[in-house]
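Asks: Just the structure for this:
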Amino acid sequence: MLMVLRGPRTGAASSLFVLSALLAGACAQAGTSSSQPQTGSGGRAAVTQGGSQSAGSQNVSTSGGRLGAGGQITSAAGGVTPIAGSGSGGAAGGASGAGASSGGASGANTAGGTTTEMDNCAPAPVGAITFSVPSGTFQGALSVELSTSAAGAEIRYTTDHTPPTPSSTLYSGPIALSATTELMAQAFAQGVALGQPEVAIYVSRAFDQMHDLPVIVLDSYGTALPNPTTTGGGPGGAVTPTTNAYVNAALLSFEPIAGMTSLSAAPKVATPAGFHIRGQSSASYDKKPYRVELHKVDGSDRNCPMLGMPRESDWVLHSPFPDKALIRNAFVYSLGRAIGMPAPRGAFAEVYVNTAGRPLASSDYMGVYLLVETIKNQKDRLNLQQLQPTDTALPALSGGYIFKFEWQVMDIEQKLTCPSGTQNCWNWLELDDPKPWVQAQQDYLSQYLASFVTALHSASPSDPSTGYPAFMDTTSFANQVIIHELTRNLDAYSRSQYFYKDRDAKMFAGPLWDYDLIAGVGSAQTYANLSQSGWQYESNASRLMVTADWFPRLLADPAFKAALVARWKALRQGELSDAQVTLRITTLTTGLANGAQRNFQKWNNLTTERIGFFTTPTAATWDGQVAAMHDWLIGRMAWLDSQWQ
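Replies: Numbers count the residues shown, from 1 in each chain. Sure thing, here's the model as predicted:
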């Protein structure tokens, strides 16, 4: 089942939300944009699709349901079809081909923002290395031969995650492998490199396993991940998140063939990568969440399509743990897209993580995860104008910016402070993009927000010319309030509360991020969010006193309240009707039952009420957990109907 939700255009931004329960194929088609794509933070990256097939592999064909632009569900069979009217990054074409070989050069940005991918998802360039065995898994021992079409060339190779040089090991015959290996090779003639260095990923495994979801394997070559170091982390505590040091890893991504995924099949993606434990309180869970970067052979970012989503290097593996329905984040992201809020694409997958320096074992199974895009100013994500360090004057100075409230998160890198003398000042506000900023950009955004706050506290706050409507998009803020209050997000308004401002545009609320502590999961006391009645902005009042009073002030304004109520009533006739909420949950859970069973065989916590810092439902089955989430939301909407009249 493939679900695609068409998001709104906000300025130059346009994107799709893709969720998969039984997903195979569907590469994103390269598009153009008026802004230049932003490169990632560095690291390494690779991956390919297509390439050579290993013995026994076969082409892939998919079928499934699709959630379209208006949220209606239609069916598609015999492949993933193009989406009419989609913007850049829309899914295109059917999926075929299995097997991966990785390496090659990543594309260059051209004037006007067009990205040309030169990754060897296509045939390898002249002078490239040919591996006798394509990337994938193996059992026991493996012999790999290397060759090159370059006349008179010699091949040098490495297995230590460094690109080959003229002094690296000279290839002279088959290479015997018995452990997980990143094999890099480069052709040289008289000491001069020919073509691009190539890499193949070979993961040693001790078992085979069939799945009916996509599978992602991360193998760290025996390097343990640093233990997370957090201070506090509960509903009322300050948080110092886990270390951000990336550990080298082999990443393989497998997709279903004829409805089933096997670790012995050819991977769809095989690449060097780096990963680390991420999150705040979630970093303390036994089922860890991870931040993942895909890498080229030289350690830089590599943009690759993952599970039907557009090419990128930066990803998050979200680990539903207190969320025992497994779909809370997926539900909010898909709903947000349907009602006009930007939100990440995501795809369900089952994950194995091996840090033990031995063949991959069944005990490395970590359960059902949601692979999601990071929030990033990129053409296929939040597509804003790119601010360069030289953009220090209007109009370029006016955007784009991405910023967020992160209450009591101690590692804020670019803290946005109020201009001197500002009344009703904010705190814990982090600028996420541009990074790094320059002083003129910091000053501009700080002054813009100070003017917004002044307008919000003025005698006529809703005046179209002088009040908050002159600075913010009212509909996006109303949508944000509805999402927070519908779900009673424990961190509502104060953590992972994103905003963005494009060039010559107002401030918008969003994108949506981090909605696992919702709909009956959270706290009955501090920042209470478990009851179907009550307001989350009131539960979180003490947080908002030290972050910002933006949302409480808006909710106290009659004009904003009227717009909010009107928006709520309209949504109750569409995406937030009881029937549509039920349908969305049914669609998200279709195809997840077997994965959920395996997940809870690994993590036997269905009837455990206290998970980490949080209270959770105790239904004894996954179906019961899904029903508890559904019933909570239906009851919550009934209460909101009684209030928003």
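Asks: Relative to residue 385, how far out is residue 503?
Replies: Note on residue 503: its distance to residue 385, by Cβ to Cβ, to the nearest Å, is 4 Å. Backbone N, C-alpha and C define where each C-beta goes, glycine included.
Asks: An error on my part: the question was meant for residue 520.
Replies: Counting by Cβ to Cβ, the gap from residue 520 to residue 385 is 40 Å.
Asks: Who has more neighbours out of residue 503 and residue 385?
Replies: Neighbour tally, residue 503 and residue 385, criterion other Cβ atoms under 10 Å: the higher count belongs to residue 385, 24 against 21.
Asks: before we move on, what SS does the more buried one have?
Replies: coil (DSSP: H, G, I helix; E, B strand; the rest coil).
Asks: give me the beta-bridge partners of residue 291?
Replies: residue 276, residue 316 (DSSP bridges).
Asks: How many residues are close by it?
Replies: By the criterion of other Cβ under 10 Å, residue 291 has 18 neighbours.
Asks: contacting residues around it?
Replies: 244, 246, 275-278, 314-317, 374 (Cβ atoms under 8 Å, 6 or more residues apart in numbering).
Asks: Pull up the pairing partners for the biggest strand by length in the chain, direction included.
Replies: Criterion DSSP state E: the longest strand present in the chain is strand 192-204. Looking at strand 192-204 with DSSP bridges, its partner strands are strand 102-103 (antiparallel), strand 136-138 (parallel), strand 181-189 (antiparallel).
Asks: What is the distance between the helix or strand hosting residue 542 and the centre of its chain?
Replies: Residue 542 is part of helix 541-546 when elements are defined by DSSP states H and E. Averaged C-alpha coordinates place helix 541-546 at 28 Å from its chain's average position (Cα atoms, centre = their mean, to the nearest Å).
Asks: tell me which residues of it are tucked away?
Replies: Within helix 541-546, the residues that qualify as buried are 543-544, counting by 16 or more other Cβ atoms under 10 Å.
Asks: And for stretch 462-477?
Replies: 462, 467-469, 471-477.
Asks: Please work out the average pLDDT along stretch 415-430.
Replies: Stretch 415-430 shows a mean pLDDT of 89.
Asks: same thing with stretch 497-510?
Replies: Rounded mean pLDDT across stretch 497-510 is 98.
Asks: Domain-wise, how is the chain divided?
Replies: 2-119+204-373, 396-567, 578-643 (automatic domain parsing).
Asks: May I see those domains organised as TSV, with distance to residue 163 added?
Replies: Formatted as TSV, those follow (distance: least, Cβ to Cβ, whole Å):
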stretch	distance to residue 163
domain 2-119+204-373	5
domain 396-567	27
domain 578-643	37
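Asks: quick one, which of these is packed in tightest?
Replies: domain 2-119+204-373 (a mean of 21; mean count of other Cβ atoms under 10 Å).
Asks: mean pLDDT for the domains of the chain: which is lowest?
Replies: Among these, domain 2-119+204-373 carries the lowest mean pLDDT (a mean of 66).
Asks: give the contact list for the residue of the chain positioned farthest from its centre.
Replies: Using Cα atoms, centre = their mean, the residue of the chain lying farthest from its centre is residue 152. It sits 45.2 Å away. By Cβ under 8 Å, 6+ apart, the contact set of residue 152 is residue 189.
Asks: what do you get for residue 492?
Replies: Going by Cβ under 8 Å, 6+ apart, residue 492 touches 484-485, 529, 536-537, 540.
Asks: Between these, which sits nearest residue 224?
Replies: residue 529 (35.3 Å; Cβ to Cβ).
Asks: is the residue lying closest to residue 412 once chain neighbours are set aside in a bridge, and if so with what?
Replies: In space, and not counting its chain neighbours, residue 412 is closest to residue 430: 4.5 Å by Cβ to Cβ, 6 or more residues apart in numbering. In this entry, residue 430 is beta-bridged to residue 404, residue 415, by DSSP bridges.
Asks: Spit out the contact partners of residue 430.
Replies: Counting by Cβ under 8 Å, 6+ apart, residue 430 has contacts 403-406, 409, 412-416.
Asks: now do 7 Å
Replies: When contacts are counted by Cβ atoms under 7 Å, 6 or more residues apart in numbering, residue 430 touches 403-404, 406, 412-416.
Asks: Would you state the strands of the stretch 201-350 of the chain in chain order?
Replies: Under the criterion DSSP state E, counting those that start in this stretch, strands of the stretch 201-350 of the chain are mapped to 210-211, 215-219, 247-254, 261-262, 269-277, 290-294, 304-306, 309-312, 314-318, 346-354.
Asks: can these go into a markdown table with extra columns for distance to residue 492?
Replies: Formatted as a markdown table, the strands of the stretch 201-350 of the chain follow (distance: least, Cβ to Cβ, whole Å):
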| stretch | distance to residue 492 |
| --- | --- |
| strand 210-211 | 35 |
| strand 215-219 | 30 |
| strand 247-254 | 33 |
| strand 261-262 | 37 |
| strand 269-277 | 25 |
| strand 290-294 | 23 |
| strand 304-306 | 29 |
| strand 309-312 | 27 |
| strand 314-318 | 18 |
| strand 346-354 | 20 |
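Asks: So for residue 615, which of the ones you listed sits nearest?
Replies: Using Cβ to Cβ, those put strand 314-318 closest to residue 615, at 20.2 Å.
Asks: so what secondary structure elements neighbour the closest one?
Replies: Strand 314-318 is packed against strand 290-294, strand 365-373, with contacts defined by 3 or more Cβ pairs under 7 Å, 6 or more residues apart in numbering; DSSP states H and E.
Asks: Nearest to residue 420, out of those strands?
Replies: Residue 420 sits nearest to strand 290-294 of all the helices and strands packed on strand 314-318, at 36.0 Å, using Cβ to Cβ.
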